[in-house]
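Undergrad: Okay, predicted coordinates and the sequence, questions at the end:
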Amino acid sequence: RQPEWRREPDAGGEEADPGEEKPDDKDPDLEGNLDTEEVPGEKVDESVSENTVEEEEEELPEETPEVRMESFTDATGMTITYDAVMAASFEVEIQNGRLIAVPDAEGVVDLREEEITQVDTAFKGNTDVKYIMLPTTVKVIGSSAFEGCSALKVISIPSRLTEVGDSAFKGCTSLTQLALPNSVTTIGVSAFQDDSRLFMVHMVSAEYAKLKTIGKEAFRGCSSLEFFCSDEEYRLPDSLTTIGENAFQECRKIKKISMNDTLTSQATCDNQGSSWVTEVSISSGLAVISADAFANCTGLTKVIFGNNNILMTTEIAGNAFRNCSKLGNIELPGQIGKVCTNAFQGCRLLKRIQVNSDRTILEDDAFPNDNPELCLVGWAVSTAANYAKKAGVRFVATNDTESVEYYTYKQRLSGAGTETGQINL
């Protein structure tokens, strides 16, 4: 007698236990296991499926970053082109109109919509910001405002700016040019020091500029600086009255220094050791050429004094032109009342010094005393004649431009006599 149901023999040929119940085809437990149940003798390669997914992800096209170039012209006439997409909005910290901080600023920073009158140390040490646009309301760029911003390439300067503070742009080694409005009156100490790529500082007009003071070491180390105030030459604005110590030291591209007639104070060592300077024009308003002002300027060949009608220079201090080994002939205007000791010592090529006043005080060793070709030209009865006699240098006496009498005191003292006649100097 057969049982009510019988399962077919499985792969092993064994019959099912008659006591087992027939499984329900819809058993949820079995359904859940069907997908994961391994077939005997076969193994699922999971690594293959994972690699396939990764390959599919890599094949997805990359999104091209959006670029939207825009440009604008600031108040000084400089045109700035920038990627507007990069000019993301940053959180800014402003207190009483003073910009205190711009956290995490990088790339392009557009602040033109902000109400700011002064920029403090908001960007100091930031090495990620490249372009900065300031609002027109800014009047002061404070001390160390952008110091150490080594990536900064372009900054727009507002038309109302009056002051660039101490070390404001010190160490901005990527900055190549800057436009300052006529309203700027002060450039502070070390304001642009060590900006080695800065080749131009442009002002809208040298004639109408209001700049009065350039601080100590303001442009020291700006080895690429070639154009100042003008885009064609190095020129000091007419309004300038004071240049600080070493203001343009190591500015090797500047060959000629032309001082405006309003300059009244040039600090000690302003151009000391500037071997690249070849010509200097002295301001008519400069009262004293200070000690060591042009000492060791071994490339200097020409010194021109200002307008005789308004010249106020009364003194050339000690060592002012010491060791200017290529300096040629010079003429001292009548207004110069005193030439101090060693003022021109070491000027080996100095052959002719014309002293236009009969009362100019010439201190001992004011001129090189080891140059046998040196000749002083001046009034027959004058302090220049007395200096030549004492120092034993050649002297030419002249009372007008047509007839001259010249002689050397060494010849006179030795009894050789004098020579009289016409001489072409």
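TA: Sure thing, it's come through. Residues are numbered from 1 along each chain as shown.

Undergrad: Give me the below-cutoff pLDDT ranges for the chain.
TA: Where the chain drops to pLDDT under 70, the residues are 1-68, 72-80, 82-89, 204-207, 230-234, 258-275, 306-312, 399-425.

Undergrad: What segments of it are helices?
TA: With helices called from DSSP state H, the chain shows them at 28-34, 46-58, 383-391, 409-413.

Undergrad: Tell me if I'm right that N126 and A145 touch.
TA: No: counting by Cβ atoms under 8 Å, A145 is not a contact partner of N126; they are 10.6 Å apart. C-betas here are computed from N, CA, C, even on glycine.

Undergrad: Please identify which of the two sits among more neighbours.
TA: In this view N126 and A145 are compared by other Cβ atoms under 10 Å, and A145 has more residues nearby, 24 against 21.

Undergrad: contacting residues around the more buried one?
TA: When contacts are counted by Cβ atoms under 8 Å, 6 or more residues apart in numbering, A145 touches V119, D120, T121, A122, F123, K124, G165, A168, F169.

Undergrad: Of those, which belong to strands?
TA: Among these, the members falling in strands (DSSP state E) are V119.

Undergrad: Top of the contacts of A145 by number of neighbours, please.
TA: Counting by other Cβ under 10 Å, top hit in these: F169 with 28 neighbours.

Undergrad: residue contacts, that residue?
TA: Shown in contact with F169 (Cβ under 8 Å, 6+ apart): A145, F146, E147, C149, L152, L175, L178, A191, F192, D195.

Undergrad: which residues sit in contact with the fourth one?
TA: In other words, C149. Contacts here follow Cβ under 8 Å, 6+ apart; on that basis C149 touches F123, K124, G125, N126, T127, V129, F169, G171, C172.

Undergrad: 10 Å instead?
TA: With contact set as Cβ atoms under 10 Å, 6 or more residues apart in numbering, C149 has these partners: 105, 123-130, 132, 155, 169-175.

Undergrad: Just the buried ones out of those residues, please.
TA: When these are checked for burial by 16 or more other Cβ atoms under 10 Å, the buried set is 105, 123-124, 126, 129-130, 132, 155, 169-175.

Undergrad: Mind checking which of the residues you listed are in strands?
TA: Counting by DSSP E, those place V129, K130, I132, I155 in strands.

Undergrad: Can you lay out the residues you listed as CSV showing distance to M69?
TA: As requested, those are exported to CSV (distance: Cβ to Cβ, whole Å):
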residue, distance to M69
V129, 18
K130, 14
I132, 17
I155, 18
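
Undergrad: and which of those is nearest F305?
TA: I155 (38.7 Å; Cβ to Cβ).

Undergrad: What's the separation between the closest one and H202?
TA: Distance, I155 to H202, by Cβ to Cβ, to the nearest Å: 13 Å.

Undergrad: again, but for E331
TA: Counting by Cβ to Cβ, the gap between E331 and H202 amounts to 34 Å.

Undergrad: G328 now?
TA: Distance, G328 to H202, by Cβ to Cβ: 33 Å.

Undergrad: Repeat that for T117.
TA: Going from T117 to H202 by Cβ to Cβ gives 24 Å.

Undergrad: what's the answer for A145, then?
TA: Here A145 is placed at a distance of 20 Å from H202 (Cβ to Cβ).

Undergrad: try E113
TA: For E113, the distance to H202 equals 26 Å [Cβ to Cβ].

Undergrad: Between the two, which is the more surrounded one?
TA: H202 (16 against 9).

Undergrad: excluding its backbone neighbours, what's nearest that one?
TA: Leaving aside its sequence neighbours, H202 sits nearest to A179 (Cβ to Cβ, 6 or more residues apart in numbering; 4.8 Å).

Undergrad: And A397, by the same measure?
TA: Here the residue nearest A397, using Cβ to Cβ, 6+ apart, is A380, at 3.7 Å.

Undergrad: Neighbours of that neighbour, how many?
TA: A380: 14 surrounding residues under other Cβ under 10 Å.
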